[in-house]
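Enquirer: Okay, predicted coordinates and the sequence, questions at the end:
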Amino acid sequence: MKYDIIIGLEIHAELNTKSKMFCSCNNLSDKLEPNTAICPVCMGHPGTMPVANFEAIKWTILCGLALDCKINKYSKFDRKNYFYPDLPKGYQISQYDLPLCYKGKLEIDNNDIDITRIHLEEDTGKLIHTDDGSIIDFNRAGTPLMEMVTEPVIKSAQEAKKFCQRYQQILRYLNISSANMEKGEMRCEANISLQEKSSWQYLKDGVITAKKGKTLNPKVELKNLNSFKAIEKGIEYEIQEQSKRLDDGEKLEAETKGWDEKKQITVRQRRKESSADYRYFPEPDIPPLKISNELLNEIKQSLVELPQAKIKRFKKQYGFTEEMSEAVIYDKAVANWLEQVISELRAWIDASNDSWERQNKKLAKSAHNLLTTGLFQYLKKDKKTIGDIKITAENFAELITLHYQGKINSTTLYDILKEMYKNGGDPTDIMKEKGLEQIDNEEKLKDIILEIIKKHPKEAEDYKNGKEALLKFFIGQTMAKTKGKANPAKIQEILKEELNK
Ligand SMILES: [Zn+2]
């Protein structure tokens, strides 16, 4: 590729506050009849007065703190004027020059992505297009909408996707948005441009400028990216498209495009408006916001350990790899549950004569393994979450100790897990009730093996005469006889001893 790829993201997220942004209407109206969670304020009737939702302001600041942003001590709301059928007031209350948060960063693959700003605004209604024309549901009008904008410093479609995934995790960790992309609770737009190498540079604050004698190529704003897959595919497509057109010597123009999921292409929507078209001016009905240090300190109390920090800690504390950590931190509840299991294992080791320092990484990995290769499959199949399961962290840990002590083999481990997933219960009880305990008693195992050898004299003779492959036959016979409950290493040991006699 002879061009530098320059991508900036704008991500809107609906906040989960109880009421809407500027009125007391129900904000969690997902399941309500259309146009029932509305009032004169969110319908923009003349003479009504908006009152800003304090919770939404606090949550936006919380998100800013989580992304290392600076917080404006003095902030305000502004009117963004445009006409669209889903916008009842004819303008949107947003924030223009004094957003709540600015200058932050988020680390992706050991690389800081700079964040320009996070501001608060209100969502529009929902237009639904039918064969008979368009209908509209205003329940969503006035939902608190938090917009985060990155600097144009992202260099690939993969990096953009990772950024969005991590941001979604953070919103969920902070418990401020469900951020479900398929439901439109989190919506991403990408600004993409390609510049000839060494023809441009960053100025202060992420502004891009052409070097002397060069010109910049315009950017395309890509919308309709409503899944992580669409983000990656859409951006990748647009990069290829622009590169091809530049190669052909075409002069590009700034435009807004949408990702067509069905055709897997980007399609032109309209020419891009500049911000002057919106005629921003300060919202006269809402007083400016003063953010005190006391309030900031209060909000800081709600900060939690974030995904990036959890990954680092899991790697260090439990010896997990990056991939292993990612596999369990995507959901805070899953990560917490795994840590509960590990803490139960620690209590068990502490009560024995062993030391946790010696065993911790091994046991933590066993817990991770049984969770991701066992439990996750059931959860995925039944579309359930960790909060829905009947297995307690204590019982899950006990199951791991049964295997660790050699009381059950790997096959039985997963059999008991399946049973526990269905009906809950104590793994030791299940093991005893169903007679799944591994046959460890050597005398008992030897008796079984001697019987098998007696039943197959010809094979035993052949083995003795050098047909060593027959050992597998005898192992199979023994496994069948013991219904897989015997320790395979021990079977082999006894078999070799007895067959060579
Ligand atoms: Zn309302």
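Expert: In hand now; what should we look at?

Enquirer: drop to CA atoms for contacts and neighbour counts, all remaining ones
Expert: Fine.

Enquirer: So Lys454 belongs to a helix, correct?
Expert: Yes: with the criterion set as DSSP: H, G, I helix; E, B strand; the rest coil, the secondary structure at Lys454 is a helix.

Enquirer: Show the subsequent helix or strand relative to the helix or strand harbouring Met148.
Expert: Applying DSSP states H and E as the criterion places Met148 in strand 144-150. Moving toward the C-terminus from strand 144-150, the first helix or strand encountered (DSSP H and E) is helix 157-173.

Enquirer: helices or strands up against that next one?
Expert: Contact analysis of helix 157-173 by 3 or more Cα pairs under 8 Å, 6 or more residues apart in numbering; DSSP states H and E lists strand 101-108, helix 228-247, helix 307-318 as its packing neighbours.

Enquirer: Using the three-state scheme, assign the residue in the stretch 401-501 of the chain that the ion sits nearest to.
Expert: Of all residues in the stretch 401-501 of the chain, the one sitting closest to the ion is Tyr421 (44.3 Å; Cα to the ion). When states are read from three-state DSSP, the local structure at Tyr421 comes out as helix.

Enquirer: What count of nearby residues applies to it?
Expert: Neighbours of Tyr421 under the rule other Cα atoms under 10 Å: 19.

Enquirer: pretty sure it is touching Asp388, no?
Expert: No: applying Cα atoms under 8 Å as the test, Tyr421 and Asp388 come out as separate, 10.2 Å apart.

Enquirer: now the angle from the worst-scoring helix or strand of the chain on mean pLDDT to helix 228-247?
Expert: Lowest mean confidence among the helices and strands of the chain (mean pLDDT, DSSP states H and E): strand 265-271, at a mean of 83. Angular relation of strand 265-271 and helix 228-247 on a 0 to 180 degree scale: 70 degrees, by axes from the mean of the first three to the mean of the last three Cα atoms, to 10 degrees.

Enquirer: And the strand or helix carrying Ser343, how far out from the chain middle?
Expert: Using DSSP H and E, Ser343 falls within helix 332-351. Shown here is helix 332-351, whose average C-alpha point lies 22 Å from the average C-alpha point of the whole chain (Cα atoms, centre = their mean, to the nearest Å).

Enquirer: Would you mind writing the CA trace of the helix or strand just after it as CSV?
Expert: Secondary structure here is assigned by DSSP H and E; on that basis, the next helix or strand after helix 332-351 toward the C-terminus is helix 356-370. As requested, the backbone C-alpha atoms of helix 356-370 are provided in CSV (Å, rounded to 0.1, in the frame of the first residue of the first chain):
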residue,chain,number,x,y,z
TRP,A,356,-0.7,-21.6,46.9
GLU,A,357,2.4,-20.0,45.5
ARG,A,358,3.4,-23.4,44.1
GLN,A,359,0.0,-24.4,42.8
ASN,A,360,-1.8,-21.1,41.9
LYS,A,361,-1.0,-20.8,38.3
LYS,A,362,-1.6,-24.5,37.5
LEU,A,363,-5.0,-24.4,39.3
ALA,A,364,-6.0,-21.0,37.8
LYS,A,365,-5.3,-22.4,34.4
SER,A,366,-7.4,-25.6,35.1
ALA,A,367,-10.3,-23.4,36.2
HIS,A,368,-9.9,-21.2,33.0
ASN,A,369,-9.7,-24.3,30.8
LEU,A,370,-12.8,-26.0,32.3
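
Enquirer: and helix 356-370, what other elements does it pack with?
Expert: In this structure, helix 356-370 packs against helix 307-318, helix 332-351, helix 393-404, with contacts taken as 3+ Cα pairs under 8 Å, 6+ apart.

Enquirer: Helix, strand or coil: sort out the residue in the stretch 101-250 of the chain that the ion sits nearest to for me.
Expert: Distances between the stretch 101-250 of the chain and the ion by Cα to the ion are smallest at Gly142, namely 6.9 Å. Of the three states, Gly142 takes coil according to three-state DSSP.

Enquirer: Could you double-check that it sits in contact with Thr17?
Expert: No: contact criterion Cα under 8 Å: Gly142 and Thr17 do not qualify, at 11.5 Å.

Enquirer: the more surrounded of the two?
Expert: Of the pair Gly142 and Thr17, Gly142 is the one with more neighbours under other Cα under 10 Å, namely 28 against 19.

Enquirer: For Ile7, see how far away the closest residue in space to that one that isn't next to it in sequence is.
Expert: The spatial neighbour of Gly142 that comes closest, neighbours along the chain excluded (Cα to Cα, 6 or more residues apart in numbering), is Glu122 at 4.8 Å. As judged by Cα to Cα, to the nearest Å, Glu122 and Ile7 stand 25 Å apart.

Enquirer: ok, the two, which is more surrounded?
Expert: Legend: neighbour count by other Cα under 10 Å for Glu122 and Ile7, higher for Ile7 (25 against 22).

Enquirer: Just confirm the more buried one is within a strand.
Expert: Yes: per three-state DSSP, Ile7 lies within a strand segment.

Enquirer: I'd say Val328 and Glu339 touch.
Expert: No: at 10.2 Å, Val328 does not count as touching Glu339 under the criterion of Cα under 8 Å.

Enquirer: The two: which is more packed in?
Expert: A direct count of neighbours by other Cα under 10 Å for Val328 and Glu339 places Val328 higher, at 22 against 17.

Enquirer: quick one, phi/psi of that one?
Expert: Its backbone dihedrals place Val328 at phi -120, psi -10, with angles given as degrees, to the nearest 10.

Enquirer: That one: what's it in contact with?
Expert: By Cα atoms under 8 Å, 6 or more residues apart in numbering, the contact list for Val328 reads Val334, Ala335, Leu338, Thr372.

Enquirer: same thing with Met49?
Expert: With contacts taken as Cα under 8 Å, 6+ apart, Met49 has the following neighbours: Val41, Asp285.

Enquirer: Quick check: it vs Pro284, distance?
Expert: Plainly put, Met49 is 10 Å away from Pro284 if you go by Cα to Cα.

Enquirer: ok, now Ile135?
Expert: Shown here: Ile135 relative to Pro284, a distance of 31 Å by Cα to Cα.

Enquirer: hmm, back to that, what about whichever helix or strand comes after the least confident helix or strand of the chain, distance to the chain center?
Expert: Proceeding N to C from strand 265-271, the next assigned helix or strand is strand 281-282, under DSSP H and E. When distances are taken as Cα atoms, centre = their mean, strand 281-282 is centred 37 Å away from the chain's centroid.

Enquirer: which outside residues touch strand 281-282?
Expert: Looking at strand 281-282 with Cα under 8 Å, 6+ apart, the contacting residues turn out to be Lys76, Phe77, Asp78, Arg79, Lys80.

Enquirer: surely Glu10 meets Ile192?
Expert: No: taking contact to mean Cα under 8 Å, the distance of 11.4 Å between Glu10 and Ile192 leaves them out of contact.

Enquirer: So the two - more neighbours on which side?
Expert: The neighbour count for Glu10 versus Ile192, taken as other Cα under 10 Å, is higher for Ile192 (25 against 21).

Enquirer: so what's the more buried one bridging to?
Expert: Ile7, Val220 (DSSP bridges).

Enquirer: Make sure it is actually in contact with Ile231.
Expert: No: with contact taken as Cα under 8 Å, Ile192 and Ile231 are classed as non-touching, separated by 11.8 Å.

Enquirer: Name the residues of this protein found near the ion, please.
Expert: Cys23, Cys25, Ile38, Cys39, Cys42 (Cα under 5 Å from the ion).

Enquirer: What's the per-residue pLDDT of Lys272 here?
Expert: pLDDT, Lys272: 59.
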